[in-house]
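1. got a predicted model here, sequence first, then my questions.
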Amino acid sequence: MSKQPDSRVAAPSASGRGASQRPLDGAYLDHAASSPLRPEAVRAMTEAFGLAGNASSVHAPGRAARRALEEARESVAERLGALPSEVVFTGGGTESDNLGLKGLYWARRAQRQCRDVVITSEAEHHAVLDVVEWLAKSQGAQAVRLPVDAVGAVSPDALAEALAQWGERVALVSVMWANNEVGTINPVRELAALADEAGVPLHVDACQAAGQIPVGLAESGAAALSVAAHKFGGPVGAGALILSRKHDVTALLHGGGHERGLRSGTSDLVAIRGMAAALEAATEDLATAAAQLARLRDGLVEDVLGLGLGATLNGAAPGAARLPGNAHFSFPGCEGDSLLMLLDAAGVACSTGSACTAGVASASHVLLAMGVDQDVARASLRFSLGWNSAKAETDLAVRALPDAVERARAARPTAAAV
């Protein structure tokens with residue numbers, strides 16, 4: 001009898017879909033934070049490691065690297081509804097957000113000094129909110145935050161009102177395509193139309209949306225989209241700003257004039273090839289993959305709400321207004337961090353709905369913006385599914401939750417003790 005492998009990582013499936021990166025006896029339900037590398041990305045990156053040339057060099061190896069780079073650019077452009085010349089490769093979603101926001105703001109201010117207003121929403125990712133805060137503190141920007149409704153969506157009426165109020169002072173608008181915490185999808189096309197009518201560029205953080213739902217620059221009408229490879233099964237450290245040729249952006253990095261002069265630095269060909277391959281795999285049959293993921297998610301939601309734990313689902317109802325892989329719950333009477341650790345001990349990896357700053361747990365700014373009570377907001381967890389999620393994983397989470405919730409509630413300090 002042959003010896004069984006000692007590895008705790010699943011082997012490649014017979015279907016050729018590739019290796020799962022989750023432990024065989026555990027559940028990885030945190031794809032929104034980072035999704036495991038797709039086998040297609042691994043193969044593309046492995047091939048790219050064999051290319052010795054710098055894509056900016058003019059000799060034969062350099063030209064081979066340049067061809068590989070431009071093929072990846074063409075692939076990403078096709079999958080994201082853009083021209084190849086509109087794809088600016090970056091080091092990830094945060095850099096893409098920074099380039100989009102700061103670059104558009106500086107370019108617009110250079111055209112007209114009175115353009116100092118940056119409009120975002122209360123529920124944006126910190127890669128956007130912190131950039132806007134920095135622009136306000138050090139660059140003289142006026143930050144305006146739009147409210148969100150009870151499911152975390154931005155209303156076109158709210159944007160229209162803000163655009164009318166601030167007029168020609170508006171430098172840009174930035175609204176995420178889909179919320180990273182609760183999965184609610186914003187009406188991007190309507191928001192883009194309003195911004196365009198006002199002559200204002202709309203930047204969209206599409207990091208959570210790309211690879212799960214149809215995302216396209218031209219179709220959306222946005223000026224710029226930010227995407228991150230590791231959200232759809234590509235490598236960490238690769239991303240792109242999909243930037244319309246109609247809009248000028250001031251560069252953050254200078255040195256070699258790479259990426260339309262907007263992002264100097266030697267191209268990370270290995271990561272870029274992995275990103276392109278992962279995006280191609282994620283969008284090959286997007287409707288079918290999204291439907292399968294939604295069915296798995298819907299089963300998880302039904303099972304969790306049926307446990308009798310008093311859980312509530314946050315965000316839009318399962319359907320067209322919610323990402324297919326997102327299930328975000330509150331478990332009143334718990335501390336989310338405690339519940340997270342108890343589930344982790346049971347082999348379930350998910351994420352908390354709260355952020356920890358200087359060792360003090362604070363409620364999610366997204367949930368608070370939605371009007372969720374602070375104590376309930378602190379008792380929240382996000383389960384996010386992805387390309388290799390399986391029912392065995394969601395079943396494990398459902399089995400582990402009752403004991404975890406009971407223990408988390410018992411461990412929570414009483415009001416008198418606090």
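-> Arrived safely, thanks for sending. Residues are numbered from 1 along each chain as shown.
2. quick one: residues in contact with stretch 189-201.
-> Stretch 189-201 is contacted from outside by 104, 108, 154, 156, 159-160, 163, 170-173, 175, 202, 204, 219-224, 244, 247, using Cβ atoms under 8 Å, 6 or more residues apart in numbering. C-beta coordinates here come from the backbone N, C-alpha and C atoms, glycine included.
3. pull out the buried residues from those residues.
-> Buried members of those, counted by 16 or more other Cβ atoms under 10 Å: 104, 108, 154, 156, 159-160, 163, 170-173, 175, 202, 204, 220-224, 244, 247.
4. in helices only, show me those residues.
-> Assignment to helices by DSSP state H places the following of these there: Leu104, Arg108, Pro156, Leu159, Ala160, Leu163, Ser220.
5. now these in CSV, with distance to His31?
-> As requested, those are exported to CSV (distance: Cβ to Cβ, whole Å):
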residue, distance to His31
Leu104, 29
Arg108, 35
Pro156, 29
Leu159, 30
Ala160, 34
Leu163, 35
Ser220, 23
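6. ok, which pair from those residues is furthest apart?
-> The largest separation in those, counting by Cβ to Cβ, is between Arg108 and Pro156 at 21.9 Å.
7. hmm, Asp268 is touching Ala238, no?
-> Yes: assessed by Cβ atoms under 8 Å, Asp268 is found in contact with Ala238 at 6.7 Å.
8. below-threshold pLDDT in the stretch 301-418 of the chain: ranges please.
-> By pLDDT under 70, the low-scoring segments of the stretch 301-418 of the chain are 353-361, 414-418.
9. break the protein down into its structural domains.
-> Following automatic domain parsing, one finds the domains of the chain at 27-38+286-411, 42-283.
10. separation between the closest residue to Glu168 other than its chain neighbours and Gly319?
-> Nearest residue to Glu168 in three dimensions, chain neighbours excluded: Cys114, at 6.3 Å (Cβ to Cβ, 6 or more residues apart in numbering). Relative to Gly319, Cys114 is positioned 42 Å away (Cβ to Cβ, to the nearest Å).
11. same thing with Ser389?
-> Distance check for Ser389 against Gly319: by Cβ to Cβ, it reads 19 Å.
12. more neighbours, those two?
-> Using other Cβ atoms under 10 Å, the more surrounded residue of Ser389 and Gly319 is Ser389, with 25 against 10.
13. got the contact list for the more buried one?
-> By Cβ under 8 Å, 6+ apart, the neighbours of Ser389 are Tyr28, Leu29, His31, Leu293, Leu296, Gly325.
14. show the end-to-end separation of stretch 202-211, please.
-> In stretch 202-211, first residue to last residue: 21 Å (Cα to Cα, to the nearest Å).
15. how far away from the center of its chain is it?
-> Distance of stretch 202-211 from the chain centroid (Cα atoms, centre = their mean, to the nearest Å) equals 7 Å.
16. can you check stretch 195-210 too?
-> How far stretch 195-210 lies from its chain's middle: 15 Å, per Cα atoms, centre = their mean.
17. any idea of the mean pLDDT in it?
-> For stretch 195-210, the mean per-residue pLDDT is 98.
18. and stretch 126-143, by the same measure?
-> The average pLDDT for stretch 126-143 rounds to 97.
19. which residues sit against that stretch?
-> The contact list for stretch 126-143, computed with Cβ under 8 Å, 6+ apart, reads 93-94, 97-98, 101-102, 105-106, 116-118, 120, 166, 169, 171, 174, 176, 205, 365.
20. can you map out the helices along this structure?
-> Listed in chain order, the helices of the chain (DSSP H) span 39-48, 60-79, 93-111, 126-138, 156-166, 188-197, 217-220, 269-283, 286-305, 336-345, 365-369, 374-377, 391-411.
21. so which of the ones you listed comes closest to Leu262?
-> Ranking the helices of the chain by proximity to Leu262 (Cβ to Cβ) places helix 93-111 first, at 6.7 Å.
22. what angle sits between that closest one and helix 126-138?
-> If you take axes from the mean of the first three to the mean of the last three Cα atoms, to 10 degrees, helix 93-111 sits at 40 degrees to helix 126-138.
23. so which bits of helix 93-111 are buried?
-> Buried, per 16+ other Cβ under 10 Å, within helix 93-111: 93-109.
24. can you check stretch 177-191 too?
-> Residues 177-188, 190-191 are the ones in stretch 177-191 that count as buried (16+ other Cβ under 10 Å).
25. which one of those is nearest Asp303?
-> The closest of the buried residues of stretch 177-191 to Asp303 turns out to be Gly183 (Cβ to Cβ; 17.5 Å).
26. and the residue nearest to that closest one when sequence neighbours are not counted, what is it in contact with?
-> Setting aside the residues directly before and after it, Gly183 is nearest to Asn326 in space (Cβ to Cβ, 6+ apart), at 2.7 Å. Applying Cβ under 8 Å, 6+ apart to Asn326 gives the contacts Ala32, Val182, Gly183, Arg297, Gly315, Arg382, Phe383, Ser384, Leu385.
27. count of residues packed around the residue nearest to the second one when sequence neighbours are not counted?
-> In space, Val182 comes closest to Gly315 once its chain neighbours are excluded; the distance is 3.1 Å by Cβ to Cβ, 6+ apart. By the measure other Cβ under 10 Å, the count of residues near Gly315 is 27.
28. list the contacts of Gly315.
-> Gly315 makes contact with Val151, Gly152, Asn179, Glu181, Val182, Gly183, Thr184, Arg322, Asn326, His328, according to Cβ under 8 Å, 6+ apart.
29. now do Glu393
-> Arg22, Gly26, Ala27, Tyr28, Leu29, Val348.
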